[in-house]
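1. Predicted model follows, preceded by the sequence.
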Amino acid sequence: MRSERIDSDETETRARMNLSPEVDDYIKDAIDHSLGLPISIESLQKKLLAAEEAQRRLRDQYLALLSRSKEKDQVLDRVRSEASMNAQALKKFVEENQKLAEECGNLLRQCKKWERECLLYHQDRDALMEFGNESDERARDAEARVRELEEEVARMSEELQLCKQRQIGIEQVDNKSPQEEDLLDSVLGSLISKDENTIGRLFLEANVQDQSCQALLSKWDRLKPSTQKVLSLVSVAKKFEKERECIIQNLAKAEQEAELVSIQNRKLDKENRKLLRQQLSPLGSSETSHKSASAKSNKRKCPKMMSSPIEKMLEFSGSPEIGRKPLSPVWDNSADSRMNKNVVNGLDEFLAAETTQSKWANVVKYGEKKLALFFLKTHDGKKVICCAEIALERRQGGEIWGKMESFDVVIEDGGLFDVMKCVAVTV
C-alpha cells in the first residue's frame, strides 16, 4: 500500500513538474536508497551502461589527449630543431657581420691610403712641370750662350788666321817698313789689351812640353809686342774652343735630361687622364650613359735641350713613393670630391644645353684649374664628350674667345712650345 501511494505521489509530482525520465529515475532511486528499499535491476543496468559510456568517453578523451600530446611533442621537437638551426644561422651571420666590419675598416684605410697616393701623384706632377719649365728656360739661356760663343769663336778664328798670315808675311819679308809694324800693332792692340798680354805667357807655360812653346817662353822678354799679342790671341782662341766643347757636352746632357723629363711627363699625363676618367665615369647621369668621357691633360711640348744640372733633377728612384700604382680615388668628403661634383654639375648643364650647331664649351673649375667640357665628332661619325684643361685664355666682351676647329693648338714663341686647349670646337 505504501509503495503504491509513493508511486502515485511520484506520478503526480512528475505530472506537475514535467521532469525527464532520467531525472525521474534518479530521484526515484535516491528515494528508494534513502528508504532502504532495494534498487531495481533495471536501474543498476542503466547505471552500469552509463558508467561504461562514461568510461568509453574518458578513454576516447584520453586517447585524443594522448595524440594531441604526441603532436605537441613533435611540434616542440620541430621548434627545438628550428631554434637550433636559427641559432647556428645567427652565429654564422654574426661572424659574417664581424668579417664585413673588418673588411669595411680595411677598405676605409685603403681609401685613405689611395687619397694620399693621389695627392702625392698630383704634387709630383706639379713638381715635374715646374722642373720642365725651369729646364726650358735654362736650355734657352744655354742656346743663346752657345750661339754667342760660336760667333765669338768664329770671329776670333778669322782674326787668328789673319794674324797668322800677317805674321808669316812679316817673317818672310826681311825689309819691313816701320809703318807696317805700327799698323799691325794697332790692329792687335784693338783686339788684345796690355793687361791681357800675360795670357800668352800663361798659355806657353801650360804647353811647355811643346818645343816651340818652350822656345818662345824662353825668349818671351825679347819677343816683339806684336808677337806677344798674337800668342795671347791664340790663347784666347784655345780657351774659347775648350768652352765651346764643354758647352756642347752640357747641351748633349741637357738633351738627355729633357728626354727623361718628357717621358716622365707623358707617363704622368696618362695616369692623370686615367684618374680623371675614373673620377668622372661613376658620377655621370643616365643621359650620358651612351657617351664615353675622355679626360685631356695639359700636354706640354718642350724642346729637346735644357741646361739644368743633373744633380738638380728630382730623385724619384730613391723615394719610397716610386712603387706607387695609380688607383681609382674613392673620395666622399675630400676637397677633390667637391671639385669632381663641380665638374659633374658643369657636365649636366652642358648636356642640358646640347644643340646640333657649333657651340661654346662649358667651363668649370677644378681646384685652381679650369676645365672645358665639349663634344668632339670622331672620324667614324660618333660624338664623344671631351674634357680639356684650359692652358691659355683670351677674353673678349666678358666671354672666352678662341673658337677653332681642333682642340690642340701648338703655339711657338721664340723656340718655346706650348699646347693650348681650345674652349670651343665644331661638333
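-> Perfect, thanks for sending it.

2. just the helices in this structure please.
-> 2-17, 21-35, 41-172, 178-191, 197-206, 211-218, 225-280, 335-352 (DSSP state H).

3. could the ones you listed go into JSON lines alongside mean neighbour count?
-> Every residue, glycine included, has its C-beta placed from N, CA and C. Listed next are these as JSON lines, based on neighbours: other C-beta atoms under 10 Å:
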{"stretch": "helix 2-17", "mean neighbour count": "11"}
{"stretch": "helix 21-35", "mean neighbour count": "13"}
{"stretch": "helix 41-172", "mean neighbour count": "13"}
{"stretch": "helix 178-191", "mean neighbour count": "13"}
{"stretch": "helix 197-206", "mean neighbour count": "17"}
{"stretch": "helix 211-218", "mean neighbour count": "13"}
{"stretch": "helix 225-280", "mean neighbour count": "17"}
{"stretch": "helix 335-352", "mean neighbour count": "16"}
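
4. Just send those helices back as JSON lines, with mean pLDDT too.
-> Formatted as JSON lines, the helices of the chain follow (pLDDT from 0 to 100):
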{"stretch": "helix 2-17", "mean pLDDT": "56"}
{"stretch": "helix 21-35", "mean pLDDT": "75"}
{"stretch": "helix 41-172", "mean pLDDT": "89"}
{"stretch": "helix 178-191", "mean pLDDT": "62"}
{"stretch": "helix 197-206", "mean pLDDT": "72"}
{"stretch": "helix 211-218", "mean pLDDT": "74"}
{"stretch": "helix 225-280", "mean pLDDT": "83"}
{"stretch": "helix 335-352", "mean pLDDT": "50"}
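
5. Wait, Asp32 touches Tyr26, no?
-> No: contact status for Asp32 versus Tyr26: not in contact, 10.8 Å apart, counting by C-beta atoms under 8 Å.

6. From Lys164, how far off is the nearest residue to Gly132 once chain neighbours are set aside?
-> In this structure, Gly132 finds its nearest non-sequential neighbour in Val261, 5.2 Å apart by C-beta to C-beta, 6 or more residues apart in numbering. Remark: distance between Val261 and Lys164 (C-beta to C-beta, to the nearest Å) = 45 Å.

7. same deal with Ile248?
-> Distance from Ile248 to Lys164, by C-beta to C-beta: 25 Å.

8. domains for the protein, by residue range?
-> 2-97, 334-427 (automatic domain parsing).

9. Surely Ser157 and Ala237 touch.
-> Yes: counting by C-beta under 8 Å, Ala237 is a contact partner of Ser157 at 6.3 Å.
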